[in-house]
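In: take a look and give me a structure for this.
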Amino acid sequence: MDFFDVINARYSHKEKFLPTPVPLHDLEKIAQAGLAAPSGMNSQCVRLIILPDRDAVQALCEVAPTDGMQTAPAAIAMLTDRSVQKGEVNFEMEDYSAAAENMLLAATALGYVSLWLDSPYFDSQKQKHALDVLGADKSKHHLRVVLPIGLPDGEGSRREKLPFNERVSYGKFGESK
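Out: Residues are numbered from 1 along each chain as shown. Now for the predicted structure:
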């Protein structure tokens, strides 16, 4: 698939997944795409946990009981490691955002759908529970996002994007071509 076709095909899949397993080598390709993302001051604070099958994903369903998490055949959890901060500057948000987008595009390029699932982990108790489930050190890791990955069970709903000319200016804000 052409790069721009991949960008236009990607959407946030909020519905159910088919039970078809995702091969480990595809999950590793998706993870590698995330690790290839830019990193502020090359801090490389992103850590990934591949959840390669339904049993591994099921453990997080108590924290995020969405249709996607309840049916996804695989997922990748993305954490940031605070201990690799470079000086006073912290690039966790930028790093994990770039990595997540790369991974969403990689999943689409491989024929899968996914979703950037982060809101359940905003709650501190759910964050702690999820880190326990994942076996991560709560003193230095923060679970940022989980990407459920698989094949869609039916047509996924897509939200309409605003028109290009409503979001892009030329020279100065609000100026058209």
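In: list the contacts of residue 169.
Out: Going by Cβ atoms under 8 Å, 6 or more residues apart in numbering, residue 169 touches 175, 176. Bear in mind the C-beta positions are built from the backbone N, C-alpha and C, glycine included.
In: which parts of the longest helix along the chain are buried?
Out: Longest helix in the chain, counting residues (DSSP state H): helix 92-109. Neighbour counts over helix 92-109 (16 or more other Cβ atoms under 10 Å) mark 92, 95-109 as buried.
In: average pLDDT across the strand or helix carrying residue 128?
Out: Assessed by DSSP states H and E, residue 128 sits inside helix 124-134. The pLDDT scores in helix 124-134 average 93.
In: so which elements touch the very next helix or strand once past that helix?
Out: Note on helix 124-134: by DSSP H and E, the next helix or strand toward the C-terminus is strand 141-150. Judged by 3 or more Cβ pairs under 8 Å, 6 or more residues apart in numbering; DSSP states H and E, the packing partners of strand 141-150 are helix 24-35, helix 67-71, strand 74-81, helix 92-109, strand 113-114, helix 124-134.
In: about what we covered before: which one of the buried residues of helix 92-109 sits closest to residue 70?
Out: Nearest to residue 70 among those: residue 107, at 18.6 Å, using Cβ to Cβ.
In: I am finished for the moment; much appreciated.
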